[in-house]
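**Q** coordinates for the following, if possible.
(chains A and B)
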Amino acid sequence: MTTTLVIVAFAAAYVLIATERIHRVAAALGGAAVMVLLGVVDAQVAFFSADTGVDWNVIFLLLGMMVIVGVLRRTGVFEWAAIWSAKKAGGRPFLILAVLVVLTAVASALLDNVTTVLLVAPVTLLVCEQIDAPPMPFLVAEVMASNIGGTATLIGDPPNIIIASRSGLGFDDFLVNLAPIASVLVVVLVGLCWLMFRSALAFRPDRVRELMALDEREAITDVPLLVRSAVVLAAVLAGFMLHQLLDVEPSIVALLGAGTLVALSRLEPADYLADVEWSTLVFFMGLFVMVGALVEVGAIADLAQWATSAIGDHYLLGSTVLLFASGLFSGVIDNIPYVATMAPLVQDVVREGHGAPGADALWWALALGADLGGNATAVGASANVVVLGIAARNGHPISFWQFTRYGVLVAGTTVVLAWVYVALRYFVLA
Amino acid sequence: MLLSTEAVTAARMIGEGRLAGLIVCEDDGTPHTVLGGSQVVRFMIPEYVQEDPTLARVYGEDAAAKLVDRLSTRTVRDLLPRRQDRTALPVVDRDATTVEIAAVMARMHSPLVAVLDDEGRVSGAVTASRLLERIFTRDGDASS
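**A** So this is what the prediction gives:
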C-alpha cells in the first residue's frame, strides 16, 4: 500500500513539474514532504544515505561552479571573446554565427548551459545590431550549441553531474567518451545552420565599419581579477582531470576552486553569490528525496529487475531504447528530473551486468539522449526558455513553433548520430 | 505633451529644456501621468545593454548619436511603462505648501508634480530641483 502511495505521489509531483502548473521547486519540495508524511523518508534517509538521500556531491559541485562563474563573468572576458571573434570573422553573418556556435559550445562544456547563454545572448544581439542581421538564427544556433557542448563534460550539463555521481564515472571518462561525439555534433550543427539560416543571413559590407568600431578591450573591466580567475579556472580543470587519480570528488575540487577564487577576488558576498541559482539547488534537493523514496520502497529495484531481464545481454538494444526514449522525453520535459529518476535505475541494470561488455554504454546512452533531446522544443531545456525570454524582451520574439521547427531537425539529427556513435564505439567496433 | 506625440519630440523637449520630465496628457488634454527623463533614456538604451552593462563600455562616442534612432516611429505612449505598472499622476492644488509637494514627490518617486487649477486642468508644474531651491533659499514661488 505504501509503495503504491509513494508511486502515486511521485507521479503527481512529476506531472506538476512537467506541466509547470506550480513552480517546479514547490512541486519537488511538496513531493518530498509527502514522502516524509508517508513515513518512507526520515532524516537518515534524506540527508545521510548515499543511495536514497540528497546527493550532496551534485549540490556542492553545482554550487562551487556557480560561484566560480559568478566571479568569472565580472571580468568581461566572455564579451571580449565574442566581439573579438565577430571582428575576426570580418562581419560576415554566417561566419560570425559559426564562430559564436563554437565559442558557446566550448564555454558550455565548462560552464552551466543557462549561464553560458545568459553571457552570450546579449553580446550576440549587440553584434547583430551592428551588422544589421536578424538575431533569431544566432540565438537559436547558440542555445543548441550550448546543449550540445554541455554534453561533452561531467560539468557541462546537470544531467551529466547526476550520472557521474551515481555511476562513479569521472571527469576523464566523460571527456573520453562524450567529448569526441559532442565535437562532431557541433560541426554538424554548423552544417545544419547553413541549411536552415543561410538565406536569412545576408552580408552587409556597409555595416562592417560599425562592428569594427567596437572596442572589445573595454569589456575587460578588471585585468588582475581576470588573471586570477584564469589561473584558478585552469587549476580547477586540472583538478577535475586528476580527481580520480587523487581520489577527490569533483564537488570538492569545485568548492576548493570557488573558495580560492572568492578569497583572491575580494568581491563582496552579494557579488559572487549573485549567480548562485538557489532555487535550482533546492529543486535538486527535493527531487533527490522524491527519487530516494522510490528507491527506499523498492520501486526502482523492481523496475530495474524487469529492465535487466528484458535487456538480458542485449545491451545494444537497451542502449538504443534508452537513448531514443531519453531524447524523446527530454524534448518535452525537463531533463533533470528525468535523469534523476533514471540514474538509479540504470545504476542497478549496469550493476547486474557485472562488467559485461557494453553495459557501461547505457550510461552514455542516457547522457546523450537526455542532453541532446533538450534541443527538440522551446521548453526542452532551461537554456532554451532563457534565450527565448531574452529575445522577446529585446523585441525579437521567437515563437514556440518557430524554435521547435528547427529544434526537431537538430535534436533528431544529433540523437541519430549519437546512436550511430554508441553502436559503433561500444558494440560494432568494441 | 500628449500620448500621441512623437517620442523624439518629447526627448528633444526634455533635453533642450533641461527638464526633469514631462506631464503627459490624454489626447483630449486630460492629465495622465509623468514621463521622467530617465524613462526616455531607458528606452534609448538597448535592453541587452541594460542586462549586461559591460557592453556599454565597448561602444565608441559616435554610438551616442545613434541612440536617438531607437525613438524613431515611437510615440510617448510607447515610452511609458505597461499600464499596470504606471504610476498615477502626481498632482497638488495651487495652494499646496512646500511640505505637501515634497511629500507627493517622495511618495510617488516622481521628479515633478503637476499643479491643478480649480477645474482640474494642469496650470503648471513643480520640479524637484525647484522645490529644493525653494527649501534652501526660502525664496520665490513654489510653482514653476
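
**Q** neighbours of A:Leu403, how many?
**A** Check again: residue A:403 is Phe, not Leu. 25 (other Cβ atoms under 10 Å in any protein chain shown). (Each C-beta comes from the backbone N, C-alpha and C, glycine too.)

**Q** list the contacts of the closest residue to A:Leu95 other than its chain neighbours.
**A** Leaving out its chain neighbours, the residue that sits closest to A:Leu95 by Cβ to Cβ, 6 or more residues apart in numbering or on different chains is A:Ala89, at 4.0 Å. Residues in contact with A:Ala89 (Cβ atoms under 8 Å, 6 or more residues apart in numbering or on different chains) are A:95-96, A:98-99.

**Q** looking at those, which is nearest chain B?
**A** A:Ile96 (15.4 Å; Cβ to the nearest Cβ).

**Q** roughly how far is the helix or strand of chain B with the lowest mean pLDDT from the heart of the chain?
**A** Least confident helix or strand of chain B, by mean pLDDT, DSSP states H and E, is helix B:63-66 with a mean of 82. Relative to its chain's centre, helix B:63-66 lies at 22 Å (Cα atoms, centre = their mean, to the nearest Å).

**Q** was I right about A:Asp132 contacting A:Val208?
**A** No. A:Asp132 is beyond contact range of A:Val208, at 10.4 Å (criterion: Cβ atoms under 8 Å).

**Q** so what does A:Ser399 have for phi and psi?
**A** Phi and psi for A:Ser399, reported as degrees, to the nearest 10, are phi -80, psi 160.

**Q** that one and A:Ala392: what is the separation?
**A** 10 Å (Cβ to Cβ, to the nearest Å).

**Q** now do the domain split for chain B, please.
**A** B:1-88, B:90-144 (automatic domain parsing).

**Q** dump those domains into a markdown table; add distance to chain A as well.
**A** A markdown table is the format used below for the domains of chain B (distance: least, Cβ to the nearest Cβ, whole Å):
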| stretch | distance to chain A |
| --- | --- |
| domain B:1-88 | 4 |
| domain B:90-144 | 23 |
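
**Q** any chance of those in TSV with mean neighbour count as columns?
**A** TSV is the format used below for the domains of chain B (neighbours: other Cβ atoms under 10 Å in any protein chain shown):
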stretch	mean neighbour count
domain B:1-88	16
domain B:90-144	15
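
**Q** got CSV for those domains, with distance to A:Asp302 too?
**A** Below are the domains of chain B laid out as CSV (distance: least, Cβ to Cβ, whole Å):
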stretch, distance to A:Asp302
domain B:1-88, 48
domain B:90-144, 61
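
**Q** which one of the ones you listed lies closest to A:Glu20?
**A** Closest approach to A:Glu20 among the domains of chain B is made by domain B:1-88 (22.8 Å; Cβ to Cβ).

**Q** quick one: end-to-end length of that closest one, please.
**A** End-to-end distance for domain B:1-88, by Cα to Cα, to the nearest Å: 16 Å.

**Q** one more: stretch A:143-155?
**A** 17 Å.

**Q** quick one: residues contacting A:Ile7.
**A** For A:Ile7, the contacting residues are A:294, A:299, by Cβ under 8 Å, 6+ apart.

**Q** kindly report the same for A:Ile161.
**A** A:58, A:61-62, A:154-155, A:250.

**Q** so how far is chain B from it?
**A** From A:Ile161 over to chain B the distance is 27 Å, taken as Cβ to the nearest Cβ, to the nearest Å.

**Q** let me know the secondary structure of that residue.
**A** Assigned by DSSP: H, G, I helix; E, B strand; the rest coil, the conformation of A:Ile161 is helix.

**Q** just the pLDDT for it.
**A** Looking at A:Ile161, its pLDDT is 92.

**Q** and if you look at A:Arg405?
**A** pLDDT, read off for A:Arg405, is 93.

**Q** need the residues that contact the helix or strand that contains it.
**A** According to DSSP states H and E, A:Arg405 maps onto helix A:400-423. Contact partners of helix A:400-423, identified using Cβ under 8 Å, 6+ apart, comprise A:136, A:140, A:144, A:148, A:180-181, A:184-185, A:188-189, A:192, A:196, A:316, A:319-320, A:323-324, A:327, A:331, A:361, A:364-365, A:368-369, A:372-380, A:384, A:388.

**Q** buried subset of these, written for ChimeraX?
**A** To isolate the buried ones among the contacts of helix A:400-423 in ChimeraX, judged by 16 or more other Cβ atoms under 10 Å in any protein chain shown, type:
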select /A:136,140,144,148,181,185,188,189,192,196,316,319,320,323,324,327,331,361,364,365,368,369,372,373,374,375,376,377,378,379,380,384,388
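
**Q** next step: the contacts of helix A:400-423 restricted to helices.
**A** With DSSP state H as the criterion, helices contain A:136, A:140, A:144, A:148, A:180-181, A:184-185, A:188-189, A:192, A:196, A:316, A:319-320, A:323-324, A:327, A:331, A:361, A:364-365, A:368-369, A:372-373, A:384, A:388 from among those.

**Q** which residue, other than its chain neighbours, is closest to A:Val186?
**A** Closest residue in space to A:Val186, ignoring its immediate chain neighbours: A:Ala105 at 4.6 Å, by Cβ to Cβ, 6+ apart.

**Q** that neighbour in helix, strand or coil?
**A** helix.

**Q** doesn't A:Met144 make contact with it?
**A** No. A:Ala105 lies out of contact with A:Met144 (Cβ under 8 Å); the separation is 9.2 Å.

**Q** give me the common contacts of the two.
**A** With Cβ under 8 Å, 6+ apart, A:Ala105 and A:Met144 have common neighbours A:Leu189.

**Q** separation between the closest residue to chain B within the stretch 151-300 of chain A and A:Arg207?
**A** Of all residues in the stretch 151-300 of chain A, A:Glu218 sits closest to chain B, at 4.0 Å by Cβ to the nearest Cβ. To A:Arg207, A:Glu218 is 20 Å away according to Cβ to Cβ.

**Q** what residues of the helix or strand harbouring A:Lys87 count as buried?
**A** For A:Lys87, the enclosing helix or strand under DSSP H and E is helix A:77-88. Residues A:77-87 are the ones in helix A:77-88 that count as buried (16+ other Cβ under 10 Å).

**Q** do the same with stretch A:347-365
**A** A:347-350, A:353, A:358-365.

**Q** wait, which of those residues is closest to chain B?
**A** Nearest to chain B among those, with distances taken as Cβ to the nearest Cβ, is A:Trp364, at 35.7 Å.

**Q** wait, that closest one sits on A:Tyr426?
**A** Yes. Checked against Cβ under 8 Å, the pair A:Trp364 and A:Tyr426 is within contact range at 7.3 Å.

**Q** what do these two both touch?
**A** When contacts are counted by Cβ under 8 Å, 6+ apart, A:Trp364 and A:Tyr426 have A:Ser319 as shared neighbours.
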